[in-house]
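Chemist: next come a sequence and a model predicted from it.
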Amino acid sequence: MKNKLYFGDNLEVMREFESDSVDLIATDPPFNSGRDYNIFLADSKAQKKAFADIWTWDDAAKDQRAEIEKRAQRGGAYEALNNALKGYDLVLQNAVSGNKAAMRAYLAFMGPRLAEIWRILKPSGSVYLHCDPSASHYLKGIMDAVWDQGNRKKNEHFRNEIVWAYRTGGVSKAWFGRKHDIILFYTKSPKREHIFNLKKERSYNRDFKPYKFKGVSEYQDEEGKWYTMAALRDVWEINAVGRSSGERLGYPTQKPIELYQRIIEVSSHEGCVVLDPFAGCGTTIDAAHALNRRWIGIDLTILALEPMQKRLLERHGIKPHVDYQIFGYPTNLQEARKLAEHPRRKHDFANWAVTRLGLRPTPDVGDGGFDGVASMQVWTIYEKEDAQIIAEVKSGNPTLTQVRAFCHTIRKNKAKMGVFITLGKITNGMRQEAEDMGTFEHNKQTYPRFQFWEIDEAYFDDPASIKKQIRIPEQWIIEPGRKAERHVKDTQGGLIKH
């Protein structure tokens, strides 16, 4: 099996997997974020939006709950899940607004994903579900119901509530510092048939030799200090990814690789299949590859691809389409149209399109805004000044009204350049509107202020062909790459961050 990355709804993706096909699932799902979970936008307002508490008991949550009830009629995991959610309805008092309603929506989201995780685990498989204390007890109730379905001896699949303890900044005057997460460890089999490679951890004892007890070995290091090697407990003290950490990618919820290496070493062997259905910036798949496991990663947002690609290339020297497969990411015009037409993934298409130009995606603000932005410096005859380039993406056939509206957006934001990106055809009337926007000057050269990029098949065959449609200052070099993989470089050759 070739390693795989999927971009899309992990529920839809996992439902395509065969039952009993995965050895280990180690994942860090969203705690308090909603539809835009796992978004990767450093230094962006969209990041704050994505990680805010936006779970609501809305039509989408109600539809998800109705689907659970429908699937429950077949029995099995969904029947157990539905019964558990009925109990939580009473606990949460059938709330339709506020924090309790948010938790109802969150459980309607996580519940079917946990049911699919149970289905695709091998009999010898394990799952480690990373969660924070605000939701861990709710998720444990659901997992107990799903994992123990039809089993009269309850709680035989639950193994541990692991406490990951860490030290980070920040204190409170109203409560003790909240410096731990919970990891729920369950196995598919109620018996001891799961993979479990018990590890030991090392800890120092100051200036004395410790008392001996079963399972503990004592040693002296080269400096004469005593330390013990003891079997792992259910409290793991591992440093978080701090601001100065060499691991840091800028991902808001990034977890240390040591944490997931430990999980993978304990609950899988070399060659086993490791799945992370909330892959984020790729910590689980990074750890799995380093330990010679096969891996599958799934993430909702297409923006997670570039940091994952970069991480896998720099740490392991592996490349997409060569060493691993990618699904749900457009590599031809037909796939781009499919992504753009998807009712829940139009913003993913916009994110993909603007990052092809080296721009940073902006929040999904609807009409009147723009989808991508970048800062640059423009040299005129008299001085050097900071400037912006912005872009707007239209997935359907563009209209003259939309073009005029983007002209207004360019002027309103005082942008030096605007790019209108579309899969449809640009008319002569639209091109006239663009010409009327005039030009801007950079390094003794003039460039159109309003430009169009009509995405076509030629781009996917040769990304450098975009230069035939868009005139960009020389300092912005669009590198040709394999199937829409490209970067934008500045004059010093450094990557523009986006």
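Modeler: Received it, and whenever you're ready, just let me know what you need.
Chemist: please count neighbours and contacts with C-alpha atoms only from this point.
Modeler: Fine.
Chemist: so, low pLDDT: which residues of this protein?
Modeler: Within the chain, the stretches with pLDDT under 70 are 31-54, 152-154, 202-221, 226-229, 242-246, 248-252, 363-368, 377-383, 474-498.
Chemist: scan it for its longest helix.
Modeler: helix 98-120 (DSSP state H).
Chemist: helices or strands up against the helix or strand following that one?
Modeler: Later in the chain than helix 98-120, the nearest helix or strand by DSSP states H and E is strand 121-131. Counting contacts by 3 or more CA pairs under 8 Å, 6 or more residues apart in numbering; DSSP states H and E, strand 121-131 packs against strand 22-27, strand 180-187, helix 257-267.
Chemist: returning to that earlier point: ok, and what's touching the longest helix of the chain?
Modeler: 10-11, 14-15, 17-22, 25, 32, 34, 54-58, 61-62, 64-65, 68, 77-78, 81, 85, 88-89, 92-95, 138-139, 142-143, 146-147, 188 (CA atoms under 8 Å, 6 or more residues apart in numbering).
Chemist: just the ones of the residues you listed in strands?
Modeler: Judged by DSSP state E, those include 22, 25 as members of strands.
Chemist: narrow the contacts of helix 98-120 to those that are buried.
Modeler: By neighbour count, with 16 or more other CA atoms under 10 Å, the contacts of helix 98-120 hold 10-11, 14, 20, 22, 25, 32, 34, 54-57, 61, 64-65, 68, 77-78, 81, 85, 88, 92, 95, 138-139, 142-143, 146-147, 188 as buried.
Chemist: out of the residues you listed, which sit inside helices?
Modeler: Per DSSP H, helices hold the following members of the buried ones among the contacts of helix 98-120: 10-11, 14, 61, 64-65, 68, 77-78, 81, 85, 88, 138-139, 142-143, 146-147.
Chemist: could you give me the buried positions within the longest helix of the chain?
Modeler: 100-109, 111-120.
Chemist: dump the C-alpha coordinates for that helix into CSV.
Modeler: C-alpha atoms of helix 98-120 as CSV (Å, rounded to 0.1, in the frame of the first residue of the first chain):
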residue,chain,number,x,y,z
GLY,A,98,-25.5,28.6,24.3
ASN,A,99,-22.6,26.3,25.5
LYS,A,100,-24.8,23.2,26.0
ALA,A,101,-26.1,23.5,22.4
ALA,A,102,-22.5,23.9,21.2
MET,A,103,-21.6,20.6,22.9
ARG,A,104,-24.7,18.9,21.3
ALA,A,105,-23.5,20.1,17.9
TYR,A,106,-19.9,19.0,18.6
LEU,A,107,-21.0,15.5,19.7
ALA,A,108,-23.3,15.2,16.6
PHE,A,109,-20.1,16.0,14.6
MET,A,110,-17.7,13.7,16.4
GLY,A,111,-20.1,10.8,17.0
PRO,A,112,-20.3,9.3,13.5
ARG,A,113,-16.6,9.8,13.0
LEU,A,114,-16.0,7.7,16.1
ALA,A,115,-18.4,5.0,14.8
GLU,A,116,-16.4,4.8,11.6
ILE,A,117,-13.1,4.7,13.5
TRP,A,118,-14.4,1.7,15.4
ARG,A,119,-15.5,0.0,12.1
ILE,A,120,-12.2,0.4,10.3
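Chemist: strand 121-131 and that one, what's the angle between them?
Modeler: 160 degrees (axes from the mean of the first three to the mean of the last three CA atoms, to 10 degrees).
Chemist: any idea how far the residue nearest to the spatial centre of the chain is from D63?
Modeler: The centre of the chain sits closest to G280, judged by CA atoms, centre = their mean, with a distance of 2.7 Å. Separation of G280 from D63 (CA to CA, to the nearest Å) stands at 26 Å.
Chemist: over to N99?
Modeler: N99 is 19 Å from D63, by CA to CA.
Chemist: what's the angle from the longest helix of the chain to strand 180-187?
Modeler: Between helix 98-120 and strand 180-187, the angle comes out at 30 degrees (the same axes, to 10 degrees).
Chemist: what angle sits between helix 98-120 and strand 22-27?
Modeler: 160 degrees.
Chemist: returning to that earlier point: redo the helices and strands packed on strand 121-131 as JSON lines? Include distance to M430.
Modeler: Below are the helices and strands packed on strand 121-131 laid out as JSON lines (distance: least, CA to CA, whole Å):
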{"stretch": "strand 22-27", "distance to M430": "48"}
{"stretch": "strand 180-187", "distance to M430": "54"}
{"stretch": "helix 257-267", "distance to M430": "51"}
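Chemist: contacts for stretch 56-68 next, please.
Modeler: For stretch 56-68, contacts defined as CA under 8 Å, 6+ apart pick out 78, 81-82, 96-97, 101-102, 104-105, 108-109, 112.
Chemist: hang on, the residue nearest to the centre of the chain packs against L303?
Modeler: No. Counting by CA atoms under 8 Å, G280 does not reach L303; the two are 9.4 Å apart.
Chemist: what is the burial count for the residue nearest to F158 when sequence neighbours are not counted?
Modeler: Excluding its sequence neighbours, the residue lying closest to F158 (CA to CA, 6 or more residues apart in numbering) is Y186, at 4.6 Å. The local packing of Y186 (other CA atoms under 10 Å) involves 25 other residues.
Chemist: tell me where the stretch 351-498 of the chain has strands.
Modeler: Chain-ordered strands for the stretch 351-498 of the chain, with DSSP state E, counting those that start in this stretch as the definition, fall at 360-361, 372-379, 384-394, 417-422, 439-442, 445-448, 450-454, 477-478, 488-489.
Chemist: looking at the ones you listed, which is buried most?
Modeler: Among the strands of the stretch 351-498 of the chain, strand 360-361 has the highest mean neighbour count (mean count of other CA atoms under 10 Å), at a mean of 25.
Chemist: partners of that strand, with directions?
Modeler: strand 372-379 (antiparallel) (DSSP bridges).
Chemist: how much space between the residue nearest to the centre of the chain and A61?
Modeler: From G280 over to A61 (counting by CA to CA), the distance is 23 Å.
Chemist: got it, and D144?
Modeler: 22 Å.
Chemist: spatially nearest residue to W236 (excluding sequence neighbours)?
Modeler: W164 (4.9 Å).
Chemist: then D28?
Modeler: H130 (4.7 Å).
Chemist: and the one you found, how many neighbours?
Modeler: 20.
Chemist: surely C281 touches Q254?
Modeler: Yes. The criterion here is CA under 8 Å, and C281 meets it with Q254 at 7.0 Å.
Chemist: appreciated, that's everything.
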